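In: prediction below, plus the sequence it came from.
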4 protein chains.
Amino acid sequence: MLPWSHELAGDLHRHTIDSALLRGNPLGDPHERPLWVYTPPGYDADDTTRYPSIYVIQGYGGHLGMWDNRSPYRQPFTETADAVFAGGEAPGCIVVYVDAWTAYGGSQFVDSPGTGAYHSYLCTEVVPWIDARYRTIAKPASRAISGKSSGGFGAMITPMLRPDLFGALATHAGDALYEYCYLNEFAKAVRALRDYDHDIRKWWADFQGRPSFTKEHDMWLLVILGCAAAFSAAEDGTPELPFDPKTGALIPERWERWLAWDPVRMMDTYADALRTQRAIWIDAGTRDEWFLDLGAEAFRAGLSRIGIPDERIYFELIPAGHGGIDYRYPQAMSWLANRLER
Amino acid sequence: MLPWSHELAGDLHRHTIDSALLRGNPLGDPHERPLWVYTPPGYDADDTTRYPSIYVIQGYGGHLGMWDNRSPYRQPFTETADAVFAGGEAPGCIVVYVDAWTAYGGSQFVDSPGTGAYHSYLCTEVVPWIDARYRTIAKPASRAISGKSSGGFGAMITPMLRPDLFGALATHAGDALYEYCYLNEFAKAVRALRDYDHDIRKWWADFQGRPSFTKEHDMWLLVILGCAAAFSAAEDGTPELPFDPKTGALIPERWERWLAWDPVRMMDTYADALRTQRAIWIDAGTRDEWFLDLGAEAFRAGLSRIGIPDERIYFELIPAGHGGIDYRYPQAMSWLANRLER
Amino acid sequence: MLPWSHELAGDLHRHTIDSALLRGNPLGDPHERPLWVYTPPGYDADDTTRYPSIYVIQGYGGHLGMWDNRSPYRQPFTETADAVFAGGEAPGCIVVYVDAWTAYGGSQFVDSPGTGAYHSYLCTEVVPWIDARYRTIAKPASRAISGKSSGGFGAMITPMLRPDLFGALATHAGDALYEYCYLNEFAKAVRALRDYDHDIRKWWADFQGRPSFTKEHDMWLLVILGCAAAFSAAEDGTPELPFDPKTGALIPERWERWLAWDPVRMMDTYADALRTQRAIWIDAGTRDEWFLDLGAEAFRAGLSRIGIPDERIYFELIPAGHGGIDYRYPQAMSWLANRLER
Amino acid sequence: MLPWSHELAGDLHRHTIDSALLRGNPLGDPHERPLWVYTPPGYDADDTTRYPSIYVIQGYGGHLGMWDNRSPYRQPFTETADAVFAGGEAPGCIVVYVDAWTAYGGSQFVDSPGTGAYHSYLCTEVVPWIDARYRTIAKPASRAISGKSSGGFGAMITPMLRPDLFGALATHAGDALYEYCYLNEFAKAVRALRDYDHDIRKWWADFQGRPSFTKEHDMWLLVILGCAAAFSAAEDGTPELPFDPKTGALIPERWERWLAWDPVRMMDTYADALRTQRAIWIDAGTRDEWFLDLGAEAFRAGLSRIGIPDERIYFELIPAGHGGIDYRYPQAMSWLANRLER
């Protein structure tokens, strides 16, 4: 296939949804959100068949328009996902692309006074909206969620919180085991903040007033700011860093709020919810820059610890870093599609 | 502006052009090519005004569809280029996006038995096609070419070869001073080829049969193979490496063929052509991974050596690597637009 | 001075000390230890003057013989320390070079069933041995301890534990704020141990049977093994890792044993001891590979928190990594020498 | 063996030699040089046996005193070389440690108006001095030379120039294939010199006035300055860089002078000399930071090209970088000792 061609066997419907929950969100982000829905080949030919649905969420910095991005020698996920169903490799599913962008580059798919009610938006607005308009099988055994990096994190925690909605998941290099994926970033942030009087708000002001990502520290300061907004915001919405910005020393009560959102630490609390999952796909690169391969190992080990049988789990570490693993997404989608109830 | 919005003040026309020159090209690449043409605000309102034209070409691995790619906090060049004209920062120009993709990821915008007649395609097919269909000012003083990396290389050499067509150029981190941008890659390639019996064709076969870029050496082997196809192909089209694949020792007669395409070595031969250029923009990042900041310095110094006055030249080294400098493209476009004859 | 010349103004006495405490140590390391004592110029000329003493300890992997190592353009510390006193920059001191090497490359200067009684060796054997044989001023206000890296750690904790012996200290890039200096190493160790069935003892067996440090992970596995022996050994002396060797998940009760030895966490417990210190030198490189600049900042901030006046403290972050900062040692020695009571 | 113990089975004699050739050298370096001579076990017991000799030279930045340096878990070469003969692994040889340090950190073992007559010093002063005082077998078939990095370079070129003296050699990661080992350094140097008005003399003045190697670029600027002094000095001794310090563009006539000293380019000219060598050891690390594994491959290939039989050659690429390969030195020494005529 030529790099610029793109013919889908199914159909991709590009909607805009008006969210009541996101209206008036603290960052002034739009409450009208793009929402894409893919229907598989044959969906229109027979209007009685109902389909499982797979929700797809993005990594940090991702917004819905990026799913269209093209790159050399690889096709966008919208096309490789279509190919899963077009070629008969897996039975048809409805694929739902949900946007959870914020001014800080992401929401971590949680409800927070620092960013907005993105978890509730997904679960109580998007899911019913889809079920009302598409021929889904509207039960958890037929609904999955999938994502990479922060999206993988979202795919781990959302079924823990809402097993009544989601009964399967796929996490590619999902955020977990926070002592390894975040602390190194905190240390680098402390150094970067030396140029900003140890004040991340000064960096944020600077960042907004110039071309983005022209400084090497931009990406990691952004993630830290956004995660502080998601995990440790004050009641008034101010993101509060979980470390002293001058020395790096952890501030226990704030860091505990982050750890409370660590999937491998949440597993025991939400063990019942996890035990309802019929299919769990986990992968990560062996040289992931944020050590998310360790997070994957720990999440996998935790699943056994709480009694989830091996046959429901797919686990693989692949020779890769954090980037370039999008070719795994359709593999996970196919695996999920074959395990969702229909 | 929201990350997923995109409203152009001008119009982007997406054409397909059927190239006679690319028909039957050695790599079996398509001869029907995407060709995008941007017309500035006001173009349709007044059908008598004619406009300068600026041709835009891509870096290695680039194909036309990638101009639409979105990223966090930045807009695609199609939009930032539009903004240059929408806001009145520069007088209107027609912008032409030309595709020169090949199976190897690029053509270097030259004619070669290894890839095809991409230089001629651009100069003798695309330019007349545009001039026939759009209200351009069809003379070199009103026609510029711009690009980054391999595109910057193309933007340097094309006006040298065809000053009758192009009278201005912009090069962002353009390939130059080949001893610094290529030799390090050769050395790494020799190491990578140890796993392929020192045979780049074996790597190429492997590369084509698996997800691309899952090995760290993929990108640099690809560039070397593609440049060998462009610069040192045998008469039958076989790419011939300019070095011994086991020891790395340069093969002088082939390496000389590469050096004959080094912009800083071509300058004296094509000094007359360069002296016709009315505007030359040069920039690069101070920590460019391929040392293209040195190439930029050397090209700049060469321009003075052959007598081009300073006032026709813009030169800047910016604190950056090779990536993330797309925010410079509209700045160069504005600068060129203000200097093209109209 | 020529790179191979070395004339001391004072005298370096190379002793061997037979330690009762190290006899029968768990790793079978020698109980006869090298012990070097430097006496300053004039020491022999006048046999009534007594001098302050400064104890010098080494970083991880260091053993006493390495103080003689020569490098291009720099002189060994034994010579630069001598120069401090030879040139009159500081009044004379007795400098004591103590060895605490173990089979694992270091002891962290603590007493442990995993390595031996190195803290007690230093405090209850070496100090009296010195005071009995050299004309020291045998009180804490006249006795300092100094070191880099693990040696800096030793220099921080020893006066906390034994303020009756040491009344001043210098720490160059001393280990502190363990969440930043160790956790990244744990993560890398987990990856390295994949080649050893997740068993550090298998690595250790491999390490001992081949040239050392031929694998990139050798150094960090060694440090982790040695610190586990020092900080979290079982009662029978077996080093117990503070993390799951397959997933990296921290094992809280063991990790707490490490944290109990984190200087910045010990400060409040040992605040009274620290408040007796008359001179505290702290430095580190701003790009220290183990983020010990953050540890330095945190230690500095803690000193103020517990009420130590600024005038007793020297603090500086220098533009450097972890290596190559030996030129700072004589600066600290001079500063200490001028503040010890005499 | 304990890290601080060192008992030699043979004897190491530490001489100083007064060189007439180095007297008045252009850098003002000493003409009295350390010269160490090792005699194997049994040398004194029987005063009639004569021995082959192996000359050992150092890498860039090395001076003779550094052979005594100790490191964790490894012994100095003076001890591991002794062990070769002590254990009967190889028949006894006299080992000669020659110093060729200069103010720039090295001489490359050539005669140059920029540094001094170090090649002649070695060949016409040291060799006869040794033969006059020790029971050597004073002919090339019984005399070898060995070194690493710049020392490996010296070990390759010295027998080419003086086959009447040396009949065997060992090169560990010796400098060769200059387009790969030097050009990358030139590019980095150009960048570093931006802070010194593009003038390496300004850097040199700065370097001499502060602690050495506190800037990351110090090492590579030093090597370039020293090699320019060795390879492309003006007649008055001024080092002349082989590249434009602002653009990096090579200055062909000067770069040719460097290339004239590239071992892989010298081989054809000195083929007859090389064909007299009875034993040639070549190794390098597969990830050598200066790509000297490629130089090793090219040197190896060249030996075959000029007709040297395989049985005289040992060749191996080892999994290593440029550092830490000192454990190979005694292996090469043993191999040479078994092949020198006696």
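Out: Received it, and whenever you're ready, just let me know what you need.
In: A:V126 against A:W36, yeah?
Out: No - with contacts counted by C-beta atoms under 8 Å, A:V126 stays clear of A:W36, the gap being 11.2 Å. Where C-beta positions appear, they are placed from N, C-alpha and C, glycine not excepted.
In: find residues that contact each of those two.
Out: Common neighbours of A:V126 and A:W36, counting by C-beta atoms under 8 Å, 6 or more residues apart in numbering or on different chains, are A:V96.
In: the strands in the stretch 101-250 of chain A, which residues?
Out: A:111-112, A:116-117, A:143-148, A:168-172 (DSSP state E, counting those that start in this stretch).
In: so which of these gets nearest A:E256?
Out: strand A:111-112 (15.6 Å; C-beta to C-beta).
In: give the partner strands of that closest one in its sheet and their orientations.
Out: When pairing is defined by DSSP bridges, strand A:111-112 lines up against strand A:116-117 (antiparallel).
In: gap between the closest residue to A:T136 other than its chain neighbours and D:P245?
Out: Computed as C-beta to C-beta, 6 or more residues apart in numbering or on different chains, the closest residue to A:T136 that is not its neighbour in sequence is A:S53, at 4.6 Å. A:S53 sits at a distance of 64 Å from D:P245 (criterion: C-beta to C-beta, to the nearest Å).
In: what of A:R133?
Out: Separation of A:R133 from D:P245 (C-beta to C-beta) stands at 67 Å.
In: before we move on, what about A:D197?
Out: 38 Å.
In: over to A:R275?
Out: A:R275 is 68 Å from D:P245, by C-beta to C-beta.
In: between those two, which is the more surrounded one?
Out: A count of neighbours by other C-beta atoms under 10 Å in any protein chain shown puts D:P245 above the other of A:R275 and D:P245, at 18 against 14.
In: give the contact list for that one.
Out: D:189-190, D:193, D:198-200.
In: skipping its backbone neighbours, what lies nearest the residue nearest the centre of chain A in space?
Out: In chain A, the residue lying closest to the centroid (C-alpha atoms, centre = their mean) is A:G151, at 1.3 Å. Leaving aside its sequence neighbours, A:G151 sits nearest to A:I57 (C-beta to C-beta, 6+ apart; 4.3 Å).
In: for the one you found, the count of nearby residues, please.
Out: A:I57: 26 surrounding residues under other C-beta under 10 Å.
In: tell me if I'm right that it and A:V96 touch.
Out: No - using C-beta under 8 Å, A:I57 is not in contact with A:V96, being 9.4 Å away.
In: nearest residue to A:N184 in space, please, no chain neighbours.
Out: Closest residue in space to A:N184, ignoring its immediate chain neighbours: C:N184 at 5.3 Å, by C-beta to C-beta, 6+ apart.
In: which residues touch the one you found?
Out: C:N184 neighbours (C-beta under 8 Å, 6+ apart): A:180, A:183-184, C:290.
In: relative to chain D, which of the residues you listed is nearest.
Out: Minimum distance to chain D across the contacts of C:N184 is 17.4 Å, recorded for C:W290 (C-beta to the nearest C-beta).
In: who are the contact partners of A:K139?
Out: Per C-beta under 8 Å, 6+ apart, neighbours of A:K139: A:167, A:341.
In: what about it, distance to chain B?
Out: To chain B, A:K139 is 31 Å away according to C-beta to the nearest C-beta, to the nearest Å.
In: how far away is that residue from chain D?
Out: Using C-beta to the nearest C-beta, we find A:K139 at a distance of 54 Å from chain D.
In: what's the pLDDT at that residue?
Out: What the model reports as pLDDT for A:K139 is 98.
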